[in-house]
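1. Fold the stuff below for me.
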Amino acid sequence: MKRSAQIGVTIICVILGVILTAQLRTQAGIRNDLPTKRLEEMASLLKQAESERDALRVQVNKLTAQLDDVMTQKTSSTTSLQEELVRTRLFAGLTPLEGPGIKVTLNDSTRAAQPGQDPNLFLIHDEDLLKVVYELRAAGAEAITVNDQRVVAFTEIRCAGPTISVNNTRIAPPYIVQAIGDPDALENALKMRGGILETVQFWGIQVQIEKEERIILPPYVGATSFRFAHPVEKEAQN
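-> Numbers count the residues shown, from 1 in each chain. Purely as a prediction, here's the structure:
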(Lines give C-alpha, C1' and ligand atoms only; values in the text may rest on other atoms or scores of the structure.)
Protein backbone atom coordinates (compact mmCIF):
# COMPACT_ATOMS: atom_id res chain seq x y z
CA MET A 1 0.00 0.00 0.00
CA LYS A 2 2.75 2.34 0.79
CA ARG A 3 4.30 1.78 -2.59
CA SER A 4 0.99 2.31 -4.38
CA ALA A 5 0.43 5.46 -2.38
CA GLN A 6 3.86 6.69 -3.26
CA ILE A 7 3.20 6.03 -6.95
CA GLY A 8 -0.09 7.89 -6.74
CA VAL A 9 1.50 10.78 -4.98
CA THR A 10 4.25 10.84 -7.55
CA ILE A 11 1.74 10.89 -10.43
CA ILE A 12 -0.22 13.70 -8.78
CA CYS A 13 2.98 15.65 -8.26
CA VAL A 14 3.94 15.16 -11.90
CA ILE A 15 0.51 16.32 -13.04
CA LEU A 16 0.65 19.33 -10.75
CA GLY A 17 4.14 20.06 -12.02
CA VAL A 18 2.97 19.92 -15.62
CA ILE A 19 -0.01 22.20 -14.86
CA LEU A 20 2.17 24.64 -12.94
CA THR A 21 4.74 24.69 -15.73
CA ALA A 22 2.03 25.32 -18.31
CA GLN A 23 0.57 28.12 -16.23
CA LEU A 24 3.93 29.77 -15.77
CA ARG A 25 4.59 29.59 -19.53
CA THR A 26 1.16 31.09 -20.23
CA GLN A 27 1.75 33.99 -17.86
CA ALA A 28 5.20 34.54 -19.34
CA GLY A 29 3.65 34.57 -22.81
CA ILE A 30 1.08 37.08 -21.66
CA ARG A 31 3.83 39.26 -20.22
CA ASN A 32 5.76 39.00 -23.48
CA ASP A 33 2.69 39.73 -25.63
CA LEU A 34 1.49 42.70 -23.57
CA PRO A 35 4.20 45.18 -24.66
CA THR A 36 3.78 44.15 -28.29
CA LYS A 37 0.01 44.66 -28.23
CA ARG A 38 0.46 47.95 -26.38
CA LEU A 39 2.91 49.17 -28.99
CA GLU A 40 0.54 48.17 -31.76
CA GLU A 41 -2.28 49.95 -30.01
CA MET A 42 -0.12 53.07 -29.50
CA ALA A 43 0.97 52.96 -33.11
CA SER A 44 -2.67 52.78 -34.20
CA LEU A 45 -3.59 55.70 -31.96
CA LEU A 46 -0.62 57.70 -33.25
CA LYS A 47 -1.64 57.04 -36.84
CA GLN A 48 -5.19 58.12 -36.07
CA ALA A 49 -3.93 61.28 -34.33
CA GLU A 50 -1.72 62.09 -37.32
CA SER A 51 -4.68 61.64 -39.65
CA GLU A 52 -6.81 63.93 -37.50
CA ARG A 53 -3.94 66.44 -37.35
CA ASP A 54 -3.63 66.43 -41.13
CA ALA A 55 -7.38 66.86 -41.51
CA LEU A 56 -7.36 69.77 -39.04
CA ARG A 57 -4.40 71.31 -40.86
CA VAL A 58 -6.33 71.18 -44.13
CA GLN A 59 -9.33 72.72 -42.41
CA VAL A 60 -7.18 75.46 -40.84
CA ASN A 61 -5.64 76.28 -44.22
CA LYS A 62 -9.11 76.43 -45.75
CA LEU A 63 -10.43 78.68 -43.01
CA THR A 64 -7.33 80.88 -43.25
CA ALA A 65 -7.88 81.27 -46.98
CA GLN A 66 -11.53 82.15 -46.37
CA LEU A 67 -10.50 84.68 -43.72
CA ASP A 68 -8.01 86.23 -46.14
CA ASP A 69 -10.78 86.52 -48.73
CA VAL A 70 -13.09 88.13 -46.20
CA MET A 71 -10.40 90.58 -45.09
CA THR A 72 -9.58 91.40 -48.71
CA GLN A 73 -13.25 92.01 -49.46
CA LYS A 74 -13.56 94.04 -46.27
CA THR A 75 -10.54 96.12 -47.20
CA SER A 76 -11.90 96.62 -50.70
CA SER A 77 -15.31 97.52 -49.30
CA THR A 78 -13.76 99.91 -46.79
CA THR A 79 -11.71 101.53 -49.54
CA SER A 80 -14.82 101.90 -51.70
CA LEU A 81 -16.73 103.44 -48.80
CA GLN A 82 -13.89 105.83 -48.09
CA GLU A 83 -13.73 106.87 -51.75
CA GLU A 84 -17.50 107.32 -51.82
CA LEU A 85 -17.33 109.40 -48.65
CA VAL A 86 -14.65 111.60 -50.20
CA ARG A 87 -16.80 112.11 -53.33
CA THR A 88 -19.88 112.83 -51.24
CA ARG A 89 -18.06 115.40 -49.11
CA LEU A 90 -16.64 116.93 -52.28
CA PHE A 91 -20.06 117.32 -53.93
CA ALA A 92 -21.56 118.56 -50.66
CA GLY A 93 -18.96 121.30 -50.53
CA LEU A 94 -17.48 120.08 -47.25
CA THR A 95 -13.95 119.80 -48.65
CA PRO A 96 -11.60 122.66 -49.54
CA LEU A 97 -10.81 122.62 -53.24
CA GLU A 98 -8.25 124.12 -55.56
CA GLY A 99 -7.98 124.48 -59.29
CA PRO A 100 -8.06 126.95 -62.17
CA GLY A 101 -10.95 129.37 -62.50
CA ILE A 102 -11.95 133.00 -62.34
CA LYS A 103 -12.33 135.74 -59.75
CA VAL A 104 -15.14 138.25 -60.24
CA THR A 105 -15.15 141.44 -58.16
CA LEU A 106 -18.34 143.52 -58.08
CA ASN A 107 -18.79 146.87 -56.36
CA ASP A 108 -21.54 149.43 -56.21
CA SER A 109 -21.61 152.14 -58.82
CA THR A 110 -19.87 155.42 -58.09
CA ARG A 111 -22.24 157.21 -60.45
CA ALA A 112 -24.79 159.47 -58.79
CA ALA A 113 -28.43 158.83 -59.56
CA GLN A 114 -30.03 161.50 -61.70
CA PRO A 115 -33.35 163.03 -60.78
CA GLY A 116 -36.13 160.53 -61.39
CA GLN A 117 -33.76 157.55 -61.35
CA ASP A 118 -34.04 154.80 -58.74
CA PRO A 119 -30.81 154.89 -56.66
CA ASN A 120 -31.16 151.14 -56.03
CA LEU A 121 -30.27 150.57 -59.68
CA PHE A 122 -26.73 151.68 -58.89
CA LEU A 123 -26.29 149.15 -56.09
CA ILE A 124 -25.58 145.41 -56.19
CA HIS A 125 -28.47 143.32 -54.92
CA ASP A 126 -28.88 139.73 -53.87
CA GLU A 127 -30.52 138.85 -57.16
CA ASP A 128 -27.46 140.14 -59.03
CA LEU A 129 -25.20 137.79 -57.09
CA LEU A 130 -27.67 134.94 -57.62
CA LYS A 131 -27.61 135.51 -61.37
CA VAL A 132 -23.80 135.52 -61.39
CA VAL A 133 -23.72 132.26 -59.43
CA TYR A 134 -26.33 130.64 -61.70
CA GLU A 135 -24.45 131.73 -64.81
CA LEU A 136 -21.20 130.26 -63.49
CA ARG A 137 -22.92 126.99 -62.61
CA ALA A 138 -24.46 126.78 -66.06
CA ALA A 139 -20.99 127.32 -67.55
CA GLY A 140 -19.61 124.32 -65.67
CA ALA A 141 -18.24 125.80 -62.47
CA GLU A 142 -17.40 122.95 -60.09
CA ALA A 143 -17.18 125.05 -56.92
CA ILE A 144 -18.16 128.64 -56.11
CA THR A 145 -17.67 131.03 -53.20
CA VAL A 146 -19.07 134.49 -52.50
CA ASN A 147 -16.82 136.44 -50.17
CA ASP A 148 -15.30 133.13 -49.04
CA GLN A 149 -18.73 131.64 -48.31
CA ARG A 150 -18.99 128.30 -50.13
CA VAL A 151 -22.12 128.02 -52.24
CA VAL A 152 -23.83 124.66 -51.66
CA ALA A 153 -27.36 123.27 -51.73
CA PHE A 154 -28.04 124.84 -48.30
CA THR A 155 -26.77 128.28 -49.30
CA GLU A 156 -29.12 131.24 -49.27
CA ILE A 157 -28.27 134.51 -50.98
CA ARG A 158 -30.77 137.12 -49.84
CA CYS A 159 -31.14 140.73 -48.96
CA ALA A 160 -30.42 141.56 -45.31
CA GLY A 161 -31.05 145.28 -44.99
CA PRO A 162 -28.13 147.25 -46.38
CA THR A 163 -26.09 144.06 -46.73
CA ILE A 164 -26.50 140.64 -48.34
CA SER A 165 -26.69 137.38 -46.36
CA VAL A 166 -24.85 134.32 -47.64
CA ASN A 167 -24.96 131.19 -45.47
CA ASN A 168 -26.48 133.41 -42.75
CA THR A 169 -23.35 135.53 -42.87
CA ARG A 170 -23.73 139.22 -43.67
CA ILE A 171 -21.41 140.46 -46.39
CA ALA A 172 -20.91 143.89 -47.91
CA PRO A 173 -19.34 145.19 -51.11
CA PRO A 174 -17.01 144.64 -52.73
CA TYR A 175 -18.44 141.21 -53.51
CA ILE A 176 -15.87 138.69 -54.67
CA VAL A 177 -17.20 135.64 -56.49
CA GLN A 178 -14.66 132.89 -57.16
CA ALA A 179 -15.32 129.79 -59.23
CA ILE A 180 -13.25 126.74 -60.15
CA GLY A 181 -13.67 125.54 -63.72
CA ASP A 182 -12.55 126.27 -67.26
CA PRO A 183 -11.50 129.94 -66.97
CA ASP A 184 -12.29 130.76 -70.61
CA ALA A 185 -15.73 129.11 -70.49
CA LEU A 186 -16.61 130.85 -67.23
CA GLU A 187 -15.46 134.25 -68.46
CA ASN A 188 -17.29 133.93 -71.78
CA ALA A 189 -20.50 132.95 -69.98
CA LEU A 190 -20.41 136.09 -67.86
CA LYS A 191 -19.45 138.36 -70.75
CA MET A 192 -22.11 137.16 -73.18
CA ARG A 193 -24.24 139.87 -74.73
CA GLY A 194 -27.33 140.66 -72.71
CA GLY A 195 -25.96 138.76 -69.70
CA ILE A 196 -25.96 139.77 -66.08
CA LEU A 197 -22.67 141.67 -66.16
CA GLU A 198 -23.64 143.74 -69.17
CA THR A 199 -26.87 144.65 -67.40
CA VAL A 200 -25.27 145.82 -64.14
CA GLN A 201 -22.45 147.61 -65.94
CA PHE A 202 -25.10 149.68 -67.69
CA TRP A 203 -25.79 151.29 -64.32
CA GLY A 204 -22.15 151.84 -63.53
CA ILE A 205 -21.67 148.75 -61.36
CA GLN A 206 -17.94 148.07 -61.16
CA VAL A 207 -16.96 144.66 -62.50
CA GLN A 208 -13.53 143.09 -62.70
CA ILE A 209 -12.85 139.57 -64.01
CA GLU A 210 -9.52 137.82 -63.44
CA LYS A 211 -8.61 134.40 -64.77
CA GLU A 212 -6.57 132.42 -62.26
CA GLU A 213 -4.39 129.35 -62.72
CA ARG A 214 -4.93 128.31 -59.11
CA ILE A 215 -7.80 129.20 -56.82
CA ILE A 216 -8.27 127.78 -53.33
CA LEU A 217 -11.85 127.67 -52.06
CA PRO A 218 -12.72 127.00 -48.40
CA PRO A 219 -15.34 124.39 -47.43
CA TYR A 220 -18.90 125.03 -46.35
CA VAL A 221 -19.01 125.40 -42.57
CA GLY A 222 -22.70 125.90 -41.89
CA ALA A 223 -25.32 123.49 -40.57
CA THR A 224 -25.67 120.19 -42.42
CA SER A 225 -28.29 118.38 -40.34
CA PHE A 226 -31.93 117.79 -41.21
CA ARG A 227 -34.71 118.43 -38.70
CA PHE A 228 -37.73 117.34 -40.71
CA ALA A 229 -36.49 115.50 -43.81
CA HIS A 230 -35.36 111.88 -43.66
CA PRO A 231 -34.60 109.17 -46.25
CA VAL A 232 -37.61 107.37 -47.78
CA GLU A 233 -37.78 103.75 -46.64
CA LYS A 234 -37.65 101.08 -49.35
CA GLU A 235 -41.11 99.78 -48.45
CA ALA A 236 -42.53 103.25 -48.91
CA GLN A 237 -40.79 103.54 -52.29
CA ASN A 238 -42.42 100.29 -53.45
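
2. in stretch 147-154, what counts as buried?
-> Residues of stretch 147-154 classed as buried by neighbour count (16 or more other CB atoms under 10 Å): 147, 149-152. To be clear about C-beta, it is placed using only N, CA and C from the backbone, and glycine gets the same treatment.

3. got it, and stretch 81-91?
-> Result for stretch 81-91 [16+ other CB under 10 Å]: no buried residues.

4. Give me the phi and psi for residue 180.
-> phi -100, psi 130 (degrees, to the nearest 10).

5. Would you mind measuring from residue 196 to residue 138?
-> 11 Å (CB to CB, to the nearest Å).

6. cool, residue 102 as well?
-> Per CB to CB, residue 102 is found 14 Å from residue 138.

7. The two: which is more packed in?
-> residue 102 (25 against 9; other CB atoms under 10 Å).

8. and the more buried one, that one's in a helix?
-> No: looking at residue 102 with DSSP: H, G, I helix; E, B strand; the rest coil, it is strand, so not inside a helix.

9. Isn't it up against residue 187?
-> Yes: if you go by CB atoms under 8 Å, residue 102 and residue 187 touch, sitting 5.6 Å apart.

10. any shared contact partners between the two?
-> 209, 211 (CB atoms under 8 Å, 6 or more residues apart in numbering).

11. Am I right that residue 140 sits in a strand?
-> No: counting by three-state DSSP, residue 140 falls outside a strand, being coil.

12. Let me know how buried the spatially closest residue to it that is not a sequence neighbour is, in neighbour terms.
-> Among residues not flanking residue 140 along the chain, residue 181 sits closest, at 5.0 Å (CB to CB, 6 or more residues apart in numbering). Neighbours of residue 181 under the rule other CB under 10 Å: 21.

13. tell me the contacts of residue 181?
-> 99-102, 136, 139-142.

14. now swap in residue 196 and tell me
-> 128, 131-132, 135, 190.

15. Now do the strands in the chain.
-> 97-107, 143-146, 149-150, 157-160, 163-166, 169-171, 175-180, 206-217 (DSSP state E).

16. What lies in contact with the fifth one?
-> Residues lying outside strand 163-166 but in contact with it, judged by CB under 8 Å, 6+ apart, are 124-126, 129, 146-147, 149, 151, 155-159, 170-172, 175.

17. one step back: can you list the strands of the chain in a markdown table and add distance to residue 229 and mean pLDDT?
-> Output for the strands of the chain, formatted as a markdown table (distance: least, CB to CB, whole Å; pLDDT from 0 to 100):
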| stretch | distance to residue 229 | mean pLDDT |
| --- | --- | --- |
| strand 97-107 | 26 | 97 |
| strand 143-146 | 24 | 97 |
| strand 149-150 | 21 | 96 |
| strand 157-160 | 21 | 91 |
| strand 163-166 | 22 | 93 |
| strand 169-171 | 23 | 94 |
| strand 175-180 | 28 | 97 |
| strand 206-217 | 27 | 96 |
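
18. Great, nothing more from me.
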